[in-house]
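Participant: quick one, fold the following:
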Amino acid sequence: MPAGLDNPAVVALGGGTGLSMLLSGLKHYTTDLTAVVTVADDGGSSGRLRREMGIIPPGDIRNCLVALAEDESLMGELFQYRFEEGDGSLSGHSFGNLFLAALTRVTGDFEEAVRLSSKILKTRGRVLPASLDTVWLKAELDDGSMVEGQSAIAGSNRCCRQIWLEPRDARPTNAVLEAIAGADIIVAGPGSLFTSIIPNLLIADIVQAIAAADCPRVFICNVMTQPGETLGFTAADHLEALIAHTQAGIFDTILVNTEDPPAPLVEFYSAEGSAPVVVDSDRLESSGIQVLAVDVASGGNYFRHDSGKLAAAITSLL
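Facilitator: Numbering: from 1, shown residues only. The predicted structure follows:
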């Protein structure tokens, strides 16, 4: 790490499993780590708590808290424990979601509930909701149909032509804007492009803050396309979708994977409607963005980003 940046301020935006995976690698490089998490989830346990209690959906935030925990063993397992069928009204809920919901009721403040949970888990960094407003994700799909709700969009098995938040004037928290202004590096992704990454960038003040930040701003491109959502998308297609929804080229670097998955995994993913993301370097370079091409993936039963490799690649930019 360069002199003066042995504990760099890193801001990571996203949601779903992609962001929590990234955090689990980055926490070994810095404690000044801020996760900005999308709050548009409306499915599963999070969706039920959102509808029944009127709270910010806690699921993605819970995953990020566990990923940043100093010790991911017992307390992490407890927060991730999910009640099974036969557990009555608790069936399908995770303990961590219920804990955050209860703590929100006790303190009267969702942000405070997340902060106290961070303290309990001894996280190396902090987790912030992108907004405290109640927001819904809406989309126009490639067949012209309109869909409402993050879970419905993700389950539509069609690509999005356009997505937006309702209300369109959702506001970020002051803590989010302060973190972005003070960052040494800002990263977005990996994760579901239209339902995890772009929703954070539909908040105008967040886009303006990133654009004004005087530091590297990195978009981490997925290694595989997502069935329906990004079917046939190249790396440049991912980038152009970001630009189209933010009306600005707010990232100066795109990080792409150079390694190909093993042939058996290609066949497996093909049957699922997914394929390796093609890195079309000429289109990327013509956009004026810096391309960081490096091996950041790992095989096994699945082909996905490796948290350690990814964190090393990101911090190399400092």
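Participant: in this protein, which spans are helices?
Facilitator: Under the criterion DSSP state H, the chain contains helices at 16-26, 44-53, 59-68, 74-80, 95-107, 110-121, 150-154, 174-181, 204-212, 235-246, 263-271, 281-286, 307-316.
Participant: lowest average confidence across those helices, which one?
Facilitator: If you rank the helices of the chain by mean pLDDT, helix 74-80 sits at the bottom with a mean of 86.
Participant: may I have that helix exported as CSV, CA atoms only?
Facilitator: Presented in CSV, the C-alpha positions along helix 74-80 are these (Å, rounded to 0.1, in the frame of the first residue of the first chain):
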residue,chain,number,x,y,z
LEU,A,74,-20.8,-18.0,15.8
MET,A,75,-22.4,-14.6,15.7
GLY,A,76,-22.3,-14.7,11.9
GLU,A,77,-24.0,-18.0,11.9
LEU,A,78,-26.6,-16.7,14.3
PHE,A,79,-27.4,-13.7,12.2
GLN,A,80,-27.6,-15.8,9.1
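Participant: buried residues in it?
Facilitator: By neighbour count on 16 or more other CB atoms under 10 Å, the buried set for helix 74-80 is Met75, Gly76, Phe79. In short, each C-beta sits where N, CA and C put it, glycine included.
Participant: now swap in stretch 36-51 and tell me
Facilitator: In stretch 36-51, counting by 16+ other CB under 10 Å, buried: 36-50.
Participant: and the furthest pair within those?
Facilitator: Spatial extent of those (CB to CB) is set by the pair Val36 and Arg48 at 24.0 Å.
Participant: contacting residues around Arg217?
Facilitator: The neighbours of Arg217, taking CB atoms under 8 Å, 6 or more residues apart in numbering as the test, are Ile185, Ile186, Val187, Ile210, Ile250, Phe251, Asp252, Thr253.
Participant: for it, list each beta-bridge partner.
Facilitator: Beta-bridge pairing for Arg217 (DSSP bridges): Ile186.
Participant: mind checking pLDDT for it?
Facilitator: With respect to pLDDT, Arg217 has a value of 98.
Participant: skipping adjacent residues, who's closest to Gly228 in space?
Facilitator: Using CB to CB, 6 or more residues apart in numbering and skipping the chain neighbours, the partner closest in space to Gly228 is Asn157 (3.6 Å).
Participant: can you check Asp32 too?
Facilitator: Nearest one to Asp32, counting by CB to CB, 6+ apart, is Ala9 at 4.4 Å.
Participant: so how far is Ser274 from the one you found?
Facilitator: Noted for Ala9: a distance of 35 Å to Ser274, by CB to CB, to the nearest Å.
Participant: one more: Ala139?
Facilitator: On the measure of CB to CB, Ala139 and Ser274 end up 20 Å apart.
Participant: wait, isn't Val36 in contact with Ala130?
Facilitator: Yes. Val36 is in contact with Ala130 according to CB atoms under 8 Å; the separation is 5.3 Å.
Participant: quickly list what's touching both of those two.
Facilitator: What both Val36 and Ala130 touch, as defined by CB under 8 Å, 6+ apart, is the set Leu13, Val176, Asn200, Ile206.
Participant: out of those residues, which comes closest to Gly299?
Facilitator: Out of these, the member with the shortest distance to Gly299 (by CB to CB) is Leu13, at 27.0 Å.
Participant: ok so, going back, so which of the shared contacts of Val36 and Ala130 comes closest to Asp306?
Facilitator: Using CB to CB, the shared contacts of Val36 and Ala130 come closest to Asp306 at Leu13, 20.1 Å.
Participant: who's in contact with the closest one?
Facilitator: Neighbours of Leu13 in contact, by CB under 8 Å, 6+ apart: Leu19, Ala35, Val36, Ala130, Ile186, Val187, Ala188, Ile197, Asn200, Leu201, Ile206.
Participant: can we see that at 10 Å?
Facilitator: Leu13 makes contact with 19, 34-38, 128, 130, 176, 180, 186-189, 191, 196-197, 199-201, 206, 210, 219, according to CB atoms under 10 Å, 6 or more residues apart in numbering.
Participant: go on, Leu317?
Facilitator: 8, 184-185, 187, 215-218, 252-253, 255, 290, 292.
Participant: can you pick the most crowded of these?
Facilitator: Val187 (26 neighbours; other CB atoms under 10 Å).
Participant: hang on, that residue packs against Pro8?
Facilitator: No. Using CB atoms under 10 Å, Val187 is not in contact with Pro8, being 11.5 Å away.
Participant: common neighbours of the two, please.
Facilitator: Joint contacts of Val187 and Pro8 (CB under 10 Å, 6+ apart) are Leu26, Ile314, Leu317.
Participant: check those against Asp87 and report the nearest one.
Facilitator: For these, the nearest to Asp87 is Leu26 (34.6 Å; CB to CB).
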